[in-house]
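Participant: predicted coordinates and the sequence they were generated for:
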Amino acid sequence: MKIFSIARTCAVLGGLWISIGGALAAAPPLFVLNSLEASVSVIDPVTWTETARIPTGKEPHHLYLTPDEKSIIVANALGDTLTFLDPRTAEVQRTVRGIVDPYHLRFTPDMKWLITAANRLNHVDFYRWDGKELNLVQRVATSRTPSHLWIDSRSTTVYSTMQDSDELVAIDIATQTIKWRTKTGAMPADVYGSADDKRLFVGLTGSDSVEVFDVSGREPLSIKKIKTGNGAHAFRAAGDGRHLYVSNRVANSISKIDMTTQQVVETYPVPGGPDCMEVSADGRFIYVSSRWARKLSVVDTEAKKVVRQVTVGKSPHGVWTLQHAPR
């Protein structure tokens, strides 16, 4: 396993800048979290090689860009830490300790809060964000195994799936209290909201479908289940404002959903348990972690197949790059 020190990482990346004549500045690296190796693979999208593997805290699962786009935050769930990386150079900027079980994380659109889901400890945490420091303000007890988060466009409500109690929970951000909870299908994982904040799409990892909820009224209403494939898990917007990708981890496929008609319009085969996804700036390529194959897979949506794979660490999960399609 290639583990580099910070100094070694900078040296490798420095050599890469020279070898590709400044192309890195125009094509920032891809970051792939290796959950069972406590590391981040740094992938050069010009040469498609792993240029560094940077140590993190235990079990990094998800990552998120700070609102000022100066840092990628890696959430180390079992390490109780956040690792801040430069999204352009992959330099380690700092480590923040004492962040309890940060499995999943999101910033509110108004940039006032960082909210984390404590997957193993059954709570959602609200951290005040001033652009630099994080301060825990509230810990909200939930149900069993909060998994993924979604925040509405007005920064009024955060939604969290409960993986082991089969629920969707809505938390009021102003009061930081639970507004409502509703039952879902089996093992809800990722959750994605429509641009008008009226619909939520929930991946049912214990099933073969995406469940759609109408959340425009006082109470949520399950309105449809879209059959995609076994192990429907993680979402990524296609970038066109209409379509949504979902990875079907057991079926080894990615489905493209039309959010307007709520139907599957394309399916792409992806081996190795596809999980988290990123989309290229032009919308043509999906970068997906093949969880069981230790690969980053690149899907050409025009050719409708995997056209490249890059070997990374054990149990790759979150994927991110600064140069991406709209989310």
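Facilitator: Cool, got the structure.

Participant: buried sites along the helix or strand encompassing Glu266?
Facilitator: Here Glu266 sits within strand 263-269, counting by DSSP states H and E. For strand 263-269, a neighbour-count test (16 or more other CB atoms under 10 Å) marks 264, 268 as buried. The C-beta positions use only the backbone N, C-alpha and C, and glycine is treated the same way.

Participant: next SSE downstream of that strand?
Facilitator: Next along the chain after strand 263-269, taking DSSP H and E as the criterion, comes strand 274-279.

Participant: average model confidence for that next one?
Facilitator: The average pLDDT within strand 274-279 is 98.

Participant: that strand pairs with which strands?
Facilitator: strand 285-290 (antiparallel) (DSSP bridges).

Participant: which strands border the strand holding Glu266, and is each parallel or antiparallel?
Facilitator: With DSSP bridges as the test, strand 263-269 pairs up with strand 253-258 (antiparallel).

Participant: residue ranges of the strands in the stretch 101-250 of the chain, please?
Facilitator: Assigned strands in the stretch 101-250 of the chain, in chain order: 104-107, 113-118, 123-129, 134-141, 146-151, 157-162, 167-172, 177-183, 188-193, 199-204, 209-214, 221-227, 232-237, 243-248 (criterion: DSSP state E, counting those that start in this stretch).

Participant: out of those, which comes closest to Thr51?
Facilitator: With CB to CB as the measure, strand 232-237 is the member of the strands of the stretch 101-250 of the chain nearest Thr51 (23.7 Å).

Participant: sheet-wise, list the partners of that closest one with their directions.
Facilitator: The strands beside strand 232-237 in its sheet (DSSP bridges) come out as strand 243-248 (antiparallel).

Participant: spit out the contact partners of Val32.
Facilitator: When contacts are counted by CB atoms under 8 Å, 6 or more residues apart in numbering, Val32 is found next to 40-41, 43, 289, 296, 312-313, 316, 318-319.

Participant: what is the mean pLDDT for the helix or strand containing it?
Facilitator: Assessed by DSSP H and E, Val32 sits inside strand 30-34. Strand 30-34 shows a mean pLDDT of 98.

Participant: next SSE downstream of it?
Facilitator: strand 39-44.

Participant: need the CA coordinates for whichever helix or strand comes after that next one. CSV is fine.
Facilitator: Using DSSP H and E, the helix or strand that follows strand 39-44 towards the C-terminus is strand 49-55. The C-alpha trace of strand 49-55 is given here as CSV (Å, rounded to 0.1, in the frame of the first residue of the first chain):
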residue,chain,number,x,y,z
THR,A,49,-2.9,7.3,-12.2
GLU,A,50,-2.9,7.4,-8.4
THR,A,51,-0.3,10.1,-7.6
ALA,A,52,-0.6,9.8,-3.8
ARG,A,53,-2.4,7.9,-1.0
ILE,A,54,-2.8,10.1,2.0
PRO,A,55,-3.4,8.8,5.5
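
Participant: relative to strand 39-44, how tilted is strand 49-55?
Facilitator: Taking axes from the mean of the first three to the mean of the last three CA atoms, to 10 degrees, one finds strand 49-55 and strand 39-44 inclined to each other by 160 degrees.

Participant: name every strand pairing with strand 49-55 and say which way it goes.
Facilitator: With DSSP bridges as the test, strand 49-55 is paired with strand 39-44 (antiparallel).

Participant: now the angle from the strand it pairs with to strand 30-34?
Facilitator: Using the same axes, to 10 degrees: strand 39-44 against strand 30-34 is 160 degrees.

Participant: buried residues in strand 39-44, which are they?
Facilitator: 39-44.

Participant: would you list the strands of the stretch 101-250 of the chain in JSON lines and tack on mean pLDDT, distance to Arg88 and mean neighbour count?
Facilitator: Listed next are those as JSON lines, based on pLDDT from 0 to 100; distance: least, CB to CB, whole Å; neighbours: other CB atoms under 10 Å:
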{"stretch": "strand 104-107", "mean pLDDT": "97", "distance to Arg88": "19", "mean neighbour count": "21"}
{"stretch": "strand 113-118", "mean pLDDT": "97", "distance to Arg88": "21", "mean neighbour count": "25"}
{"stretch": "strand 123-129", "mean pLDDT": "96", "distance to Arg88": "21", "mean neighbour count": "19"}
{"stretch": "strand 134-141", "mean pLDDT": "96", "distance to Arg88": "22", "mean neighbour count": "14"}
{"stretch": "strand 146-151", "mean pLDDT": "98", "distance to Arg88": "26", "mean neighbour count": "24"}
{"stretch": "strand 157-162", "mean pLDDT": "98", "distance to Arg88": "29", "mean neighbour count": "24"}
{"stretch": "strand 167-172", "mean pLDDT": "98", "distance to Arg88": "34", "mean neighbour count": "20"}
{"stretch": "strand 177-183", "mean pLDDT": "97", "distance to Arg88": "39", "mean neighbour count": "14"}
{"stretch": "strand 188-193", "mean pLDDT": "98", "distance to Arg88": "27", "mean neighbour count": "24"}
{"stretch": "strand 199-204", "mean pLDDT": "98", "distance to Arg88": "31", "mean neighbour count": "24"}
{"stretch": "strand 209-214", "mean pLDDT": "98", "distance to Arg88": "34", "mean neighbour count": "21"}
{"stretch": "strand 221-227", "mean pLDDT": "98", "distance to Arg88": "37", "mean neighbour count": "15"}
{"stretch": "strand 232-237", "mean pLDDT": "98", "distance to Arg88": "21", "mean neighbour count": "26"}
{"stretch": "strand 243-248", "mean pLDDT": "98", "distance to Arg88": "25", "mean neighbour count": "25"}
